[in-house]
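**Q** Sequence and predicted structure, then a few things I'm wondering about:
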Amino acid sequence: MKDKFVNYIRQLQNNITSKLEDIDGKATFKEDLWKRPEGGGGRTRVIENGNVFEKGGVNTSEVYGKLPESMQQYFGVKDANFFACGLSLVLHPSNPMVPTVHANWRYFEMYNQEGEIVDQWFGGGQDLTPYYLFEEDAIHFHKTCKTACDKHNLDFYPKYKSRCDEYFYNTHREEGRGIGGLFFDYLKATAAMSMQDWYNFVSEVGDSFLDAYSPIAEKRKELPYNDAQKNWQEIRRGRYVEFNLVHDKGTLFGLKTNGRIESILMSLPPHVQWVYDHQPGAGSEEEKLVEALKNPVDWVK
């Protein structure tokens with residue numbers, strides 16, 4: 001399974017970066033191959049200063065070795081080895097009318113001292129972080145997610161949409177990071193779902209990403225904007241940074257397993273603001289966004 005999923009994410013990375021370069025029309029991805037001293041490595045691809053994307057990364061990694069002490073405590077195991085692979089992407093557009101997007105699809109195995117698999121699971125999802133709320137874009141993104149889920153189980157979309165709203169939440173701000181999408185973790189074999197079934201589901205979601213995001217980026221990338229709207233984008237990016245550095249489990253896992261710091265922090269935007277006690281104007285488009293972040297919406301209805 002690990003070989004199968006590694007092959008899948010490598011091809012998906014190629015598909016996604018190729019399409020994003022077409023959307024941008026100027027910048028191309030710089031590739032950086034890296035090795036992890038304890039075992040494994042990855043293929044980082046970063047795009048910067050383009051027509052559309054101010055900064056973005058589409059990374060794959062396969063890392064393995066002894067599970068660090070802190071993570072053994074987290075999982076409640078002793079003397080375990082692990083293998084983890086995944087594709088993680090974040091795109092920060094220049095135009096505040098184009099939303100930031102994040103996605104991740106990953107697979108994990110844990111082994112005993114004899115090298116036998118004692119646990120394995122899939123995780124991942126995709127979520128949208130707009131700066132200005134176009135409801136038709138939110139509906140499109142969520143409907144695409146729902147279509148992918150419904151091919152496997154009609155309960156998956158409402159379940160994983162709800163988990164996304166719960167996970168990508170800045171508790172210290174009492175607001176969501178964005179307008180959600182899907183989030184799932186610890187997808188393990190059961191009587192109803194084999195690991196092959198979970199592979200089929202996770203790859204279905206991965207394959208849906210470009211259908212979910214590309215039309216939105218294409219539609220909004222030429223819209224005009226002013227300095228005040230750019231300032232708002234940078235203030236909201238601050239909330240994005242806060243979540244990734246305070247709450248995100250993927251960032252935590254990368255840091256605690258001696259992950260490559262440049263790849264871990266590629267999710268951070270290049271220009272951010274923290275304005276003291278900033279409040280959007282009453283009745284403004286900015287306030288409309290914040291209200292949606294504080295009260296998750298059922299977009300498919």
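**A** Yes, it's here.

**Q** residue ranges of the helices in the stretch 151-300 of the chain, please?
**A** 156-167, 195-220, 227-246, 249-256, 261-264, 285-294 (DSSP state H, counting those that start in this stretch).

**Q** any chance of these in a markdown table, plus mean neighbour count?
**A** In this view, the C-beta of every residue, glycine as well, is placed from N, C-alpha and C. Shown next, in a markdown table, are the helices of the stretch 151-300 of the chain (neighbours: other CB atoms under 10 Å):
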| stretch | mean neighbour count |
| --- | --- |
| helix 156-167 | 19 |
| helix 195-220 | 19 |
| helix 227-246 | 18 |
| helix 249-256 | 16 |
| helix 261-264 | 16 |
| helix 285-294 | 17 |
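
**Q** So which residue is smack in the middle of this structure?
**A** Ala103 (2.7 Å; CA atoms, centre = their mean).

**Q** So that one sits against Asp207, correct?
**A** No: checked against CB atoms under 8 Å, the pair Ala103 and Asp207 is beyond contact range at 11.4 Å.

**Q** Leaving out sequence neighbours, find the closest residue to Ser94.
**A** Counting by CB to CB, 6 or more residues apart in numbering, the nearest residue to Ser94 once its immediate chain neighbours are dropped is Glu54, at 4.3 Å.

**Q** The strand or helix carrying that neighbour pairs with which strands?
**A** Using DSSP states H and E, Glu54 sits in strand 53-66. Sheet pairing of strand 53-66 (DSSP bridges) gives strand 40-48 (antiparallel), strand 81-93 (antiparallel).

**Q** Quickly compare those strands and say which is most buried.
**A** Counting by mean count of other CB atoms under 10 Å, strand 81-93 has the highest mean neighbour count of those, with a mean of 23.

**Q** May I have the secondary structure class of the residue sitting furthest away from the middle of the chain?
**A** In the chain, the greatest distance from the average C-alpha position (CA atoms, centre = their mean) is reached by Glu114, at 34.0 Å. Three-state assignment for Glu114 (DSSP: H, G, I helix; E, B strand; the rest coil): coil.

**Q** how close does it sit to His152?
**A** 34 Å (CB to CB, to the nearest Å).

**Q** Need the strands paired with strand 53-66 in JSON lines (columns: mean pLDDT and distance to Glu21).
**A** Output for these, formatted as JSON lines (pLDDT from 0 to 100; distance: least, CB to CB, whole Å):
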{"stretch": "strand 40-48", "mean pLDDT": "95", "distance to Glu21": "7"}
{"stretch": "strand 81-93", "mean pLDDT": "96", "distance to Glu21": "12"}
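
**Q** CSV for those strands, including distance to Val58?
**A** Shown next, in CSV, are the strands paired with strand 53-66 (distance: least, CB to CB, whole Å):
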stretch, distance to Val58
strand 40-48, 5
strand 81-93, 4
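
**Q** Run through the stretch 151-300 of the chain and note the low-pLDDT ranges.
**A** Judged against pLDDT under 70, the stretch 151-300 of the chain has no low-scoring part.

**Q** mind running it again at 80?
**A** The model of the stretch 151-300 of the chain has pLDDT under 80 over residues 250, 252-260, 263, 266.

**Q** rewinding a little: for the residue nearest to Ser94, what are its contacts?
**A** Listed by CB atoms under 8 Å, 6 or more residues apart in numbering, the contact partners of Glu54 are 48, 92-94, 269-271.

**Q** wait, which of the residues you listed is closest to Glu242?
**A** When these are ranked by distance to Glu242 (CB to CB), Pro269 comes first, at 12.0 Å.

**Q** Now do the same contact list for the closest one.
**A** 54-55, 92, 100, 234, 237, 240-241.
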